[in-house]
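what follows is a protein structure lacking sequence information:
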């Protein structure tokens, strides 16, 4: 194979660096077989490169296809769900504890307020204090998930910028 075509393949491999080695090798082999097939049809190196296009764009197309196919487990999805759920629970827990306390102090008889509480604890004041503590803990967990999500997205963005060269 000619030097110009080898250089073309090396450039593609360089742009595919974020992929695992096995996938990168498969893609380069596929492109190489395409090049050999075109050479067999009597195409010149320049015609082959013109037909395949810019190596960077070709590599981006392969990267885009592989990223789009990825439907496996993703921390991004987990954190995107956990962060808001924990934060909403952190807000709801002290509010429900306050409803239970107000219902008990003012003897309002709010429906279903008797179901709000912590198993084994009957005193509404203790339930309220513990609900505040639980709210703070849930908020900290939610905030931590949010920070991890932002960190993860920044890492992915950094990898994308590296691909954009």
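That came in fine, so what should we check first? Note that this is a predicted model, so its numbers are computed, not measured.

ok, the nearest residue to residue 59 once chain neighbours are set aside - how many residues close by?
Using Cβ to Cβ, 6 or more residues apart in numbering and skipping the chain neighbours, the partner closest in space to residue 59 is residue 15 (3.4 Å). Yep, even glycine has a C-beta here, placed from its N, CA and C like the rest. As a burial measure, residue 15 scores 22 neighbours (other Cβ atoms under 10 Å).

go ahead and confirm residue 15 touches residue 56.
Yes: counting by Cβ atoms under 8 Å, residue 15 touches residue 56, with 5.5 Å between them.

spell out, range by range, the strands that occur in the chain.
Assigned by DSSP state E, the chain shows no strands.

centroid-wise, who is the farthest residue in it?
Among residues of the chain, the one most distant from the C-alpha centroid is residue 107; the distance is 48.3 Å, by Cα atoms, centre = their mean.

how far away is that one from residue 117?
Note on residue 107: its distance to residue 117, by Cβ to Cβ, to the nearest Å, is 16 Å.

again with residue 139
Applying Cβ to Cβ, the value for residue 139 to residue 117 is 20 Å.

list the buried residues in stretch 146-157.
146, 148, 149, 152 (16 or more other Cβ atoms under 10 Å).

flag the least confident of the residues you listed.
Across the buried residues of stretch 146-157, the smallest pLDDT goes to residue 152, namely 83.

pretty sure it is touching residue 78, no?
No: using Cβ under 8 Å, residue 152 is not in contact with residue 78; the gap is 9.8 Å.

okay, the residue nearest in space to the middle of the chain: pLDDT?
Nearest residue to the geometric centre of the chain (Cα atoms, centre = their mean): residue 76, 2.5 Å. As predicted, residue 76 sits at a pLDDT of 79.
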